[in-house]
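**Student:** this is a predicted model, with the sequence first.
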Amino acid sequence: MFKNIALAFSFLTQIPFKFSEVKESQLIQALGYFPLVGVFEGLLLSLVAYLSSLFLSLELGSLFCILILLLIRGIFHLDGFSDTADALWVKSSGDYTKDVEKRLKIMKESTVGVGGVVALVLNLFFRFILIKEILQKELFWGAFVLSATFSKGFIVPIIYLSKPAKKEGIGALLITSITLKEVFWALFFTSLVFLIWVFFNFSPFLKLIYLLIYWGWLFFLALLIKRFFEKRFSGLTGDNLGALMEFLEIGFLLFWGVLWLKL
């Protein structure tokens, strides 16, 4: 269990772990512990947000939170996000097979195109604005912990419901090897974190219902995006999964930064 948790941290963050040997089955089992990585990231980011609110302006606090997040995660998901955006800019030629091959080839390239740059700028801009709003309304504990936890928890059932675009690669390994056991544990830990938050949260019950409805709608939208990716790439790759995780997290932050106090 502890090795699987460490593998989940090693897979999603820059935290160095040394393993003598890692089996494919252990890497798959680590998927069930993805939400625990989200809890760690959310708590750390919340602490950074709290300290920055004591000494820094909202703008600097928001920027500092993004920098800390990048230090924890690296550019793993952002790389997939930008590569996916680059590939989606490929104009259809009418030949579906050639278009798919070209999109997959673009995602393999080490350079970033205009589409990827625009996507990255929009991603970081949205994060900056939403984190600033969250800091201003002092909602950061619930916002950061739940957004990081739910985005990593929800990506696991999406992986289970997906089909691979390629026969090789980390994305293909995860999609073809994941079982319902990993989905169960991911949703279990995600639900447990949510119930703990509800226990200590004194918001009206109706607001919690709105929150669940929003998250259900966001997950449904993520499934639609997954389906769109599968049509454009004839399946999903690791880059696509990273892009979906970015979408889920920004979607959660959008709820906290814009909608929560208006309900």
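**Tutor:** That came through, no problem. Numbering: from 1, shown residues only.
**Student:** how far off centre is the lowest-mean-pLDDT helix or strand in the chain?
**Tutor:** Least confident element among the helices and strands of the chain, by mean pLDDT, DSSP states H and E: helix 24-29 (a mean of 81). Computed by CA atoms, centre = their mean, to the nearest Å, the chain-centroid distance of helix 24-29 equals 20 Å.
**Student:** burial count for Lys231?
**Tutor:** 11 (other CB atoms under 10 Å). Placement of C-beta: from N, CA and C, glycine included.
**Student:** hang on, I meant Leu206
**Tutor:** A total of 9 residues lie near Leu206 under the criterion other CB under 10 Å.
**Student:** tell me the spacing between it and Ile159.
**Tutor:** For Leu206, the distance to Ile159 equals 33 Å [CB to CB, to the nearest Å].
**Student:** quick check: Ile170 vs Val156, distance?
**Tutor:** Distance from Ile170 to Val156, by CB to CB: 15 Å.
**Student:** coming back round to it: can you list the neighbours in contact with the least confident helix or strand of the chain?
**Tutor:** With contacts defined as CB atoms under 8 Å, 6 or more residues apart in numbering, helix 24-29 is touched by Lys3, Asn4, Leu7, Phe11, Leu173, Leu174, Ser177, Ile178, Thr179, Lys181, Glu182.
**Student:** most neighbours among these, which one is it?
**Tutor:** Leu174 (25 neighbours).
**Student:** and the pLDDT at the residue nearest to that one when sequence neighbours are not counted?
**Tutor:** Leaving aside its chain neighbours, Leu174 sits nearest to Ile159 (5.4 Å; criterion: CB to CB, 6 or more residues apart in numbering). In this prediction, Ile159 carries a pLDDT score of 94.
**Student:** in which helix or strand does Ile159 reside?
**Tutor:** Using DSSP states H and E, Ile159 falls within helix 140-160.
**Student:** which parts of that helix are buried?
**Tutor:** Neighbour counts over helix 140-160 (16 or more other CB atoms under 10 Å) mark 140-160 as buried.
**Student:** pLDDT below threshold where in the stretch 51-200 of the chain?
**Tutor:** Counting by pLDDT under 70, the stretch 51-200 of the chain shows no low-confidence range.
**Student:** before we move on, back to that, buried residues in the least confident helix or strand of the chain?
**Tutor:** In helix 24-29, the ones that count as buried by 16+ other CB under 10 Å are Leu27, Ile28, Gln29.
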